[in-house]
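**Q** Give me the fold of what follows.
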Amino acid sequence: MKRLPRIEQYGLIGDMQTSAHVCDDGSIDWLCLPRFDSPAVFAGLLGTQKHGTWQIAPAPPACRSDAAAVAERRYCGDSLVLESVWRTPTGSVRVLDFMPPRDGAPQVIRIVEGVTGEVPMVSALRPRPGYGRVSPWIHEVGGRMVAEAGADALWLDTCVQQVEKDGVIVSAFAVAAGQSVAFVLSWCASHAAAPEIPDPEAALTETLAFWQDWTQECTYDGPYRESVVRSSIALKAMTYGPSGGIVAAPTTSLPEEIGGGRNWDYRFTWLRDASATLAALLGTGYRQEAQAWRRWLLRAVAGDPENLQIMYGITGERDLRERELTWLPGYEESAPVRVGNGAADQLQLDVYGEVIETLYLAHQSGVAHCADTAVLHQRLIEHLTQRWQKPDEGIWEIRGARRHFVHSKVMAWVAIDRTICLAEAGALDMDLDTLVELRETIHREVCTKGFDPVRNTFTQSYGSKELDAAALLIPRVGFLPPDDPRVIGTVDAVRRELATPDGLVRRYPTIGDDTGMDGLKGDEGTFILCSFWLVDALALIGRLDEAHVLFERLLALRNDLGLLAEEYDPVQQRLLGNFPQAFSHMGLIQSARLLHLLSTQSSLYRGAVAVPVPRSPAGRPRQTCKDLTSQHTWPLLPTDEVSHA
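**A** Residues are numbered from 1 along each chain as shown. Got it, this is the predicted structure:
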């Protein structure tokens with residue numbers, strides 16, 4: 001079997017309801033219709049051509065194995081319209097791939113434009129609904145080709161001749177300089193009327209205008225702005241527009257280790273990932289997404305916060321049962337391929353902190369007060385006060401025994417702390433004395449049970465020797481000030497025990513063929529978000545030069561289109577895991593903003609807000625500048641313009 005392209009060879013197009021992955025050889029190898037979490041109609045990314053692809057490339061030949069990669073590709077300005085250029089002995093050709101933001105039928109539009117000379121081209125569309133398992137009925141209806149299977153119908157419109165051969169819709173044509181040929185693939189329910197024949201050029205104009213208008217709302221104007229905008233576009237593309245839910249990634253089962261079994265479905269809305277994504281978007285001026293997500297949160301949690309899940313479907317579904325697709329061999333034979341995610345039933349105490357932190361940031365950002373959200377917030381705190389002392393599966397969703405994870409307890413502290421801030425601002429009616437006492441209790445326990453005084457570092461869980469990169473967030477969330485020796489010791493320990501020679505960070509130790517603390521065998525790559533956390537920690541403790549060096553190293557991991565996966569293999573020098581990953585792009589945005597803030601201010605604590613906090617055993621305040629150390633809540637505007645709660 002031909003080896004699949006590397007993950008970084010793919011680009012993303014999307015319409016804020018689903019997305020497609022376009023390889024640099026002109027093949028779309030992943031497309032779920034009509035939603036992110038729908039079964040794929042092209043699943044070649046997790047198998048072979050026979051599992052569904054759509055390639056448009058110079059001919060000969062039509063078969064993917066002999067096709068050459070594009071000479072160059074880029075996004076058109078600040079948009080999600082992908083432009084690919086081929087240069088051949090007879091001329092050059094450009095292909096524009098995009099998905100128009102929509103209210104109706106989802107569409108993938110591919111416009112082939114002649115640039116110089118004349119280039120023979122081939123379009124070979126091999127639809128395979130049901131994650132590559134079903135061969136559809138392909139036939140002609142009124143001059144249009146349609147592929148039907150069960151509930152799905154795919155309509156292909158173009159001005160050139162189409163021929164069906166062995167389950168593939170083939171069009172052979174040529175484009176000369178100044179000419180163009182458009183292909184439009186539309187989805188609709190098989191029992192419904194055929195979708196309207198679209199106007200590709202009008203759709204292109206509208207799509208470019210949409211992205212131009214959206215990116216102009218970005219308020220960030222510091223260094224790395226181009227990278228921040230590109231990451232913001234990636235995050236917007238992973239937002240399900242109709243509901244406000246945000247997927248962690250638009251793919252499933254791209255491996256964390258080539259040939260390994262750490263392959264998970266990320267096409268759902270994790271409270272943690274969505275909260276972090278919203279924080280990044282709010283920090284760059286986008287409030288509408290936060291309002292939509294807040295409504296999604298109210299619907300998803302409903303009147304049942306005591307049974308809070310750590311993730312939901314993109315419209316609030318609760319049943320995300322995990323199963324394996326045995327007919328798919330997996331990306332580069334990395335099996336199993338999974339759909340659904342069994343972690344939905346886990347207890348992860350940190351999500352309380354991340355959700356409440358985002359609600360706090362929304363309040364800080366001027367998102368209008370919502371009485372319903374206040375009620376939900378109060379009930380979440382009530383349940384957290386009853387559960388925070390329990391062991392859980394933690395931020396990394398271990399599939400082993402529950403533990404008292406330090407990060408989970410720290411984020412429980414964050415939930416209480418931000419609730420106190422909102423109550424003091426008059427946004428919540430809560431018993432402050434009880435909350436302040438609980439905040440001190442959690443803090444004392446973490447510093448006693450989660451800290452190794454011999455190695456001068458916080459550990460992964462109470463009593464453990466393992467380290468966890470999540471401990472790097474301790475200064476970010478304001479649990480301890482950056483100059484605390486315990487913070488500096490933790491940063492040094494993580495670099496010593498979890499970082500590679502080039503500074504990239506693993507989440508926690510794994511032990512190969514043996515089962516690790518996470519209940520899984522195998523290893524994984526370095527975790528890109530954790531490396532951004534190290535950037536932030538270095539910056540906060542005053543090592544700005546080192547932080548900038550690592551940040552530049554992380555920027556270099558992006559593919560040529562500015563996209564990041566979940567992980568990176570520093571040995572094989574390739575991206576790993578689901579792609580693109582919201583966590584990674586969120587981390588890029590947050591680190592760029594923090595570096596800019598700390599680099600331009602003469603003092604770390606300039607403009608700080610004095611927030612009442614409990615005292616440490618030594619009698620010093622543990623939190624002196626929440627707006628600079630919080631995971632999400634540093635200033636959104638220049639210091640003298642910030643409106644604090």
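
**Q** Could I get the CA-only coordinates of the longest strand that the chain contains as CSV?
**A** Counting by DSSP state E, the longest strand found in the chain is strand 107-126. Provided in CSV are the C-alpha atoms of strand 107-126 (Å, rounded to 0.1, in the frame of the first residue of the first chain):
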residue,chain,number,x,y,z
GLN,A,107,-20.7,22.6,-0.8
VAL,A,108,-17.1,22.0,-1.7
ILE,A,109,-16.1,24.2,-4.6
ARG,A,110,-13.0,23.7,-6.7
ILE,A,111,-12.2,26.2,-9.4
VAL,A,112,-9.4,25.3,-11.9
GLU,A,113,-7.9,28.4,-13.6
GLY,A,114,-5.4,28.4,-16.4
VAL,A,115,-2.4,30.7,-15.7
THR,A,116,0.0,30.1,-18.6
GLY,A,117,0.0,27.8,-21.6
GLU,A,118,-2.5,24.9,-21.7
VAL,A,119,-2.6,22.1,-19.1
PRO,A,120,-4.5,18.8,-19.4
MET,A,121,-6.3,18.1,-16.1
VAL,A,122,-8.2,15.2,-14.5
SER,A,123,-10.8,15.2,-11.8
ALA,A,124,-11.3,11.8,-10.2
LEU,A,125,-14.0,11.7,-7.5
ARG,A,126,-14.4,8.5,-5.6
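
**Q** Just checking: what are the partner strands of that strand?
**A** Strand 107-126 pairs in its sheet with strand 53-58 (antiparallel), strand 91-98 (antiparallel), strand 168-176 (antiparallel), strand 180-189 (antiparallel), by DSSP bridges.

**Q** Could you list the low-confidence segments of the protein?
**A** Within the chain, the set of residues satisfying pLDDT under 70 comprises 1-3, 61-68, 368, 511-519, 522, 602-645.

**Q** rerun that using 80 as the cut-off
**A** Within the chain, the ranges that satisfy pLDDT under 80 run 1-4, 60-69, 302-307, 366-370, 399, 510-523, 601-645.

**Q** what secondary structure does the nearest residue to Tyr10 once chain neighbours are set aside sit in?
**A** Closest residue in space to Tyr10, ignoring its immediate chain neighbours: His21 at 4.5 Å, by C-beta to C-beta, 6 or more residues apart in numbering. The way it works is simple: take the backbone N, C-alpha and C, and place the C-beta from them, glycine included. Following DSSP: H, G, I helix; E, B strand; the rest coil, we place His21 in the strand state.

**Q** mind listing what His21 touches?
**A** Shown in contact with His21 (C-beta atoms under 8 Å, 6 or more residues apart in numbering): Tyr10, Gly11, Leu12, Ile28, Asp29, Trp30, Leu31, Leu45, Pro250, Thr251, Phe579.

**Q** quick one on the thing from earlier: what residues sit buried inside the longest strand of the chain?
**A** Residues 107-115, 119, 121-126 are the ones in strand 107-126 that count as buried (16 or more other C-beta atoms under 10 Å).

**Q** Following element in sequence after that strand, please.
**A** Note on strand 107-126: by DSSP states H and E, the next helix or strand toward the C-terminus is helix 129-132.

**Q** What helices and strands are in contact with that following helix?
**A** Judged by 3 or more C-beta pairs under 8 Å, 6 or more residues apart in numbering; DSSP states H and E, helix 129-132 is in contact with strand 40-42.

**Q** elements contacting the strand it packs on?
**A** strand 27-32, helix 129-132.

**Q** And for the shortest one, what's in contact with it?
**A** By C-beta under 8 Å, 6+ apart, the list of residues contacting helix 129-132 from outside reads 39-44, 46-47, 50-52, 136, 149-150, 152, 154, 325, 327-328, 337, 339.

**Q** if you look at these, which of them are in strands?
**A** Checking the contacts of helix 129-132 against DSSP E, those in strands are Ala40, Val41, Phe42, Ala149, Asp152, Leu154, Val339.

**Q** Filter the residues you listed down to the buried ones and express that as a PyMOL selection.
**A** Buried subset of the ones in strands among the contacts of helix 129-132, written as a PyMOL selection, criterion 16+ other C-beta under 10 Å:
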select buried, resi 40+41+42+149+152+154+339
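
**Q** re earlier: can you add mean neighbour count and give the helices and strands packed on strand 40-42 back as a markdown table?
**A** Below are these laid out as a markdown table (neighbours: other C-beta atoms under 10 Å):
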| stretch | mean neighbour count |
| --- | --- |
| strand 27-32 | 26 |
| helix 129-132 | 24 |
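
**Q** In a markdown table, list the ones you listed along with distance to Ala592.
**A** Output for the helices and strands packed on strand 40-42, formatted as a markdown table (distance: least, C-beta to C-beta, whole Å):
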| stretch | distance to Ala592 |
| --- | --- |
| strand 27-32 | 28 |
| helix 129-132 | 37 |
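
**Q** Which one of the ones you listed lies nearest to Ile233?
**A** Closest to Ile233 of the helices and strands packed on strand 40-42, according to C-beta to C-beta: strand 27-32, at 18.6 Å.

**Q** by contact count, what packs against the closest one?
**A** Strand 27-32 packs on strand 19-23, strand 40-42, strand 53-58, going by 3+ C-beta pairs under 8 Å, 6+ apart.

**Q** quick one: Asp569 and Gly577 touch, right?
**A** No. Asp569 lies out of contact with Gly577 (C-beta atoms under 8 Å); the separation is 9.8 Å.

**Q** Common neighbours of these two, please.
**A** What both Asp569 and Gly577 touch, as defined by C-beta under 8 Å, 6+ apart, is the set Gly525.

**Q** can I assume Glu113 is in contact with Gln179?
**A** Yes. Shown here, Glu113 and Gln179 form a contact pair, counting by C-beta under 8 Å, at 7.5 Å.

**Q** rewinding a little: pick out the most distant pair among the buried residues of strand 107-126.
**A** The most widely separated members of these, counting by C-beta to C-beta, are Val115 and Arg126 (27.2 Å).

**Q** Mind checking the strands paired with strand 107-126 for the one nearest to Arg553?
**A** Arg553 lies closest, by C-beta to C-beta, to one member of the strands paired with strand 107-126: strand 91-98, at 30.1 Å.

**Q** Can you check what angle separates that closest one from strand 19-23?
**A** Interaxial angle of strand 91-98 relative to strand 19-23 (axes from the mean of the first three to the mean of the last three C-alpha atoms, to 10 degrees): 160 degrees.

**Q** Give me the contacts around strand 91-98.
**A** Outside strand 91-98, the residues within contact range by C-beta under 8 Å, 6+ apart are 11, 13, 20, 22, 26, 28, 56, 58, 71, 76, 79-86, 108-119, 121, 175-177, 203-204, 207.

**Q** what separates the residue nearest to Trp396 when sequence neighbours are not counted from Gly330, distance-wise?
**A** Closest residue to Trp396 apart from its sequence neighbours, by C-beta to C-beta, 6+ apart: Arg507 at 5.8 Å. Computed as C-beta to C-beta, to the nearest Å, the Arg507 to Gly330 distance reads 22 Å.

**Q** cool, Leu380 as well?
**A** For Leu380, the distance to Gly330 - C-beta to C-beta - is 38 Å.

**Q** again, but for Leu254
**A** Computed with C-beta to C-beta, the distance linking Leu254 and Gly330 is 9 Å.

**Q** Spell out which residues are contacts of both of the two.
**A** Looking at what touches both Leu254 and Gly330 (by C-beta under 8 Å, 6+ apart), the common residues are Asn263.

**Q** Compare these two and say which one has the larger neighbour count.
**A** The neighbour comparison of Leu254 against Gly330 (other C-beta atoms under 10 Å) goes to Leu254, with 29 against 24.

**Q** Can you tell me the SS state at the residue nearest to the more buried one when sequence neighbours are not counted?
**A** Of all residues not flanking Leu254 in the chain, Asn578 sits nearest, at 4.8 Å (C-beta to C-beta, 6+ apart). Per three-state DSSP, the local secondary structure of Asn578 is coil.
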